[in-house]
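Visitor: Following is a predicted model, sequence given first.
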Amino acid sequence: MMTGVLNNVSHVGNGTPNASIKTEADDDIPLSEKLKRSRVQSFSSDDDDIPLSAKLVQMSKKPKLEPAVSPQPRDKNHGDQRKERSRTTHEKIKKQNALSSPTKGRKQEKPEEEVWRWWEEQKKDDGVKWKFLEHKGPLFAPPYERLPSSVHFHYDSKPMKLSDHAEEVAGFYARMLDHDYTTKEVFNHNFFHDWVKTMNEEERRTIKSLSKCDFQEMHQYFLKLSEERKNRTKEEKQKIKEENLQIQNEYGYCILDGHKQRIGNFRIEPPGLFRGRGNHPKMGMLKKRIMPEDVIINCSKDSKVPAPPKGHKWKEVRHDNSVTWLACWT
């Protein structure tokens, strides 16, 4: 029976097995045996000379499968990755250009000031704050400039020329006409009380009531000045900035134990009217102008004493190294 099976295989080895070919002997073959036979691989006619053992070895060997090369599916994030690589490359080039020209598009950095490591120095005796102190003294408010001759103060509907000091204080009130302070009784009472003190004898005899005083012309003048300050040109603002910087460099530093130190506030507050909060009992009172004769200077004995404004003198010059203030006034 084996010979018949092999002949049948060799017979159809060069072609496609025909399922309709059937012999009488096939009817006696069990179905399970037929299924086994169908699994036997066919041989070509060229294999007739190959020994049976070699053929069985070839049949037992499975062909080596090579993975089929199929096109890789396109990643939906592929475009985003390319954009990211392009952006990264662009940023690297931009960074290299910035490194090659460090001053391009960048403000010039100011040189760092020397830091005084005072905690590393030898400790001073108890109560001693400094060994050397030198400064230029405080900066006073600019002197008062009188109103133009075309701007008048009116009393009882009549123009009246005021003295310098009385006109200056009247101007403090005129600037605040559009503020709620001038509607408060306490404010008006305190202002008029202190204003009378600045008047000369003739002014005191004439001005008896605040209700008869007309500050409107002065008020409009100050509003005009305020608008002019807001509308300054770029060149004017730059000039003022340079002037303030020059003042800062002159008055804003002191020499403390051989080190240049910045002064927090070197300006004396200009005169004006006290405002306060809520219903403060002192609102409207005059904050007088501080003069050099009101100021006490504190500095070293071996330092250059700051010079007072021309025509004035200091109230006192001290050399107290147990305190850190440079000047005081009352």
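Guide: Okay, I see it. This structure is a prediction, so every number in the text was calculated from the model and none was measured. Residues are numbered from 1 along each chain as shown.
Visitor: Going by C-alpha atoms from here, please, whenever you check contacts or count neighbours.
Guide: OK.
Visitor: quick one, strands of the stretch 201-330 of the chain?
Guide: Ranges of strands within the stretch 201-330 of the chain are 213-214, 253-256, 259-262, 272-273, 286-287, 295-298, 316-318, 327-329, based on DSSP state E, counting those that start in this stretch.
Visitor: Give me the contacts around stretch 197-217.
Guide: Stretch 197-217 is touched from outside by 151-157, 162-163, 165-166, 169-170, 173-174, 188, 192, 196, with contacts defined as CA atoms under 8 Å, 6 or more residues apart in numbering.
Visitor: Stretch 158-176 too?
Guide: Contacts of stretch 158-176 (CA under 8 Å, 6+ apart): 144, 146, 152-154, 182, 191, 195-196, 198-200, 203, 215-216, 218-219, 222-223, 272-273, 286.
Visitor: cool, stretch 219-228 as well?
Guide: Around stretch 219-228, the neighbours that count as contacts under CA under 8 Å, 6+ apart are 151, 171, 174, 175, 177.
Visitor: I'd like to know which of these is nearest to residue 134.
Guide: Closest approach to residue 134 among these (CA to CA): residue 171, at 37.4 Å.
Visitor: coming back round to it: looking at the contacts of stretch 158-176, which are in helices?
Guide: If you go by DSSP state H, those have 191, 195, 196, 203, 216, 218, 219, 222, 223 in helices.
Visitor: re earlier: pick the most deeply packed of the strands of the stretch 201-330 of the chain.
Guide: Among these, ranked by average contacts under mean count of other CA atoms under 10 Å, first place goes to strand 295-298 (a mean of 21).
Visitor: if I look at residue 300, how far off is residue 278?
Guide: 44 Å (CA to CA, to the nearest Å).
Visitor: So the two - more neighbours on which side?
Guide: Taking neighbours as other CA atoms under 10 Å, residue 300 and residue 278 compare with residue 300 leading, 19 against 7.
Visitor: Which residues are in contact with that one?
Guide: For residue 300, the contact set (CA under 8 Å, 6+ apart) comprises 131, 132, 133, 134, 319, 320, 321.
Visitor: Leaving aside the residues adjacent along the chain, what's closest to the first one?
Guide: With CA to CA, 6 or more residues apart in numbering as the measure, residue 257 is the residue that lies nearest to residue 131, at 5.8 Å, once sequence neighbours are left out.
Visitor: Among the strands of the stretch 201-330 of the chain, single out whichever gets nearest to residue 243.
Guide: Using CA to CA and comparing the strands of the stretch 201-330 of the chain, the one that lies nearest residue 243 is strand 253-256, at 16.0 Å.
Visitor: For that closest one, name the packing helices and strands.
Guide: Judged by 3 or more CA pairs under 8 Å, 6 or more residues apart in numbering; DSSP states H and E, the packing partners of strand 253-256 are strand 133-134, strand 259-262.
Visitor: re the thing from before, of all the ones in helices among the contacts of stretch 158-176, which two lie farthest apart?
Guide: Using CA to CA, these span at most 26.2 Å, a distance reached by 203 and 223.
Visitor: What are the buried residues along stretch 169-186?
Guide: For stretch 169-186, the buried set under the neighbour-count rule, 16 or more other CA atoms under 10 Å, comprises 169, 170, 171, 172, 173, 174, 175, 177, 181, 182, 186.
Visitor: and if you look at stretch 211-229?
Guide: Going by 16+ other CA under 10 Å, stretch 211-229 has these buried residues: 213, 214, 215, 216, 218, 219, 221, 222.
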